[in-house]
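Participant: Structure, please.
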Amino acid sequence: MILRILILFFLVSFTSCEKYVTNISTLTLSGKYVVSKLTVIQTSQPNTKDTTYLSGQLFHNTSLPDPFDSIIIDNFYLHFDYASIKMVWHNRIQNGQRDRWEYGEQPEEIFYSRVPWSYDAYTLGKIQFDYKPKDRGTYHRILFQVDSDLFETLQLSGLDFAPNGKDGPHYRLIISLNRVGP
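Facilitator: Residues are numbered from 1 along each chain as shown. As a prediction, the model looks like this:
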């Protein structure tokens, strides 16, 4: 009887020391994406109705920096590779070998980074990058929360803005992207 209690105590003490380990979430941002849907939510008064823009519709807001101030759904492209981002696709160069972009072309590459401590095993975290919008003379920092990173789709949220100043309503964009190329 005492031997059984000692064995039970011994087993319980070892199993209680078991450590659970989870992997850190990884991002697979790579490829050319098109904005397939854009939703504007009001964050300061969450009981208001969201506005969703679908194929062919234009989202326009002058309080955001270029190129995010004017987004045509299914005609606004972003290209991610493992360290940089390109924005606003123009066309393919005549030999057809590479795309031409308004933002992120060499020598003015735009490097993004994953924000430290914003991700763990359950959240993908945030990415940030600095670039110089064409409508402003200084660099602007963009911060996106990566909501989902699936095989052919990507969802980002961010670009918080308050067009009427700090006392007015605050908004946040949710950008749904579909992968269209390498």
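
Participant: Which strand residues bridge the closest residue to Leu64 other than its chain neighbours?
Facilitator: In space, and not counting its chain neighbours, Leu64 is closest to Phe161: 5.7 Å by CB to CB, 6 or more residues apart in numbering. Heads up, the C-betas are built off the backbone N, CA and C, glycines and all. Note on Phe161: beta-bridge partners Tyr171, judged by DSSP bridges.

Participant: Asn61 is in contact with Phe161, correct?
Facilitator: Yes - the pair Phe161 / Asn61 is scored as a contact, 6.8 Å apart, by CB atoms under 8 Å.

Participant: Next one: the residue nearest to Leu64, what pLDDT does it get?
Facilitator: The model reports Phe161 with a pLDDT of 86.

Participant: How about Val146?
Facilitator: Val146 is given a pLDDT of 94.

Participant: likewise the one 3 residues further on?
Facilitator: According to the predicted model, the pLDDT of Asp149 comes to 91.

Participant: Count the residues that sit near it.
Facilitator: Residues within reach of Asp149, counting by other CB atoms under 10 Å, total 15.

Participant: mind checking how far it is from Thr123?
Facilitator: 11 Å (CB to CB, to the nearest Å).

Participant: Show the subsequent helix or strand relative to the worst-scoring helix or strand of the chain on mean pLDDT.
Facilitator: Every helix and strand of the chain was ranked by mean pLDDT, DSSP states H and E. The lowest is helix 2-15, at a mean of 65. Following helix 2-15 in sequence order, the next helix or strand is strand 31-42 (DSSP states H and E).

Participant: Please save the CA atoms from that following strand in PDB.
Facilitator: C-alpha atoms of strand 31-42 as PDB (Å, rounded to 0.1, in the frame of the first residue of the first chain):
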ATOM      1  CA  GLY A  31       4.500  37.200 -54.300                       C
ATOM      2  CA  LYS A  32       2.300  39.700 -56.000                       C
ATOM      3  CA  TYR A  33      -1.100  40.400 -54.400                       C
ATOM      4  CA  VAL A  34      -4.100  42.400 -55.500                       C
ATOM      5  CA  VAL A  35      -6.500  44.100 -53.100                       C
ATOM      6  CA  SER A  36      -9.800  42.100 -53.600                       C
ATOM      7  CA  LYS A  37     -11.800  43.700 -50.800                       C
ATOM      8  CA  LEU A  38     -11.400  46.700 -48.400                       C
ATOM      9  CA  THR A  39     -13.500  47.200 -45.300                       C
ATOM     10  CA  VAL A  40     -13.500  50.400 -43.300                       C
ATOM     11  CA  ILE A  41     -14.500  50.000 -39.700                       C
ATOM     12  CA  GLN A  42     -15.100  52.800 -37.200                       C
END
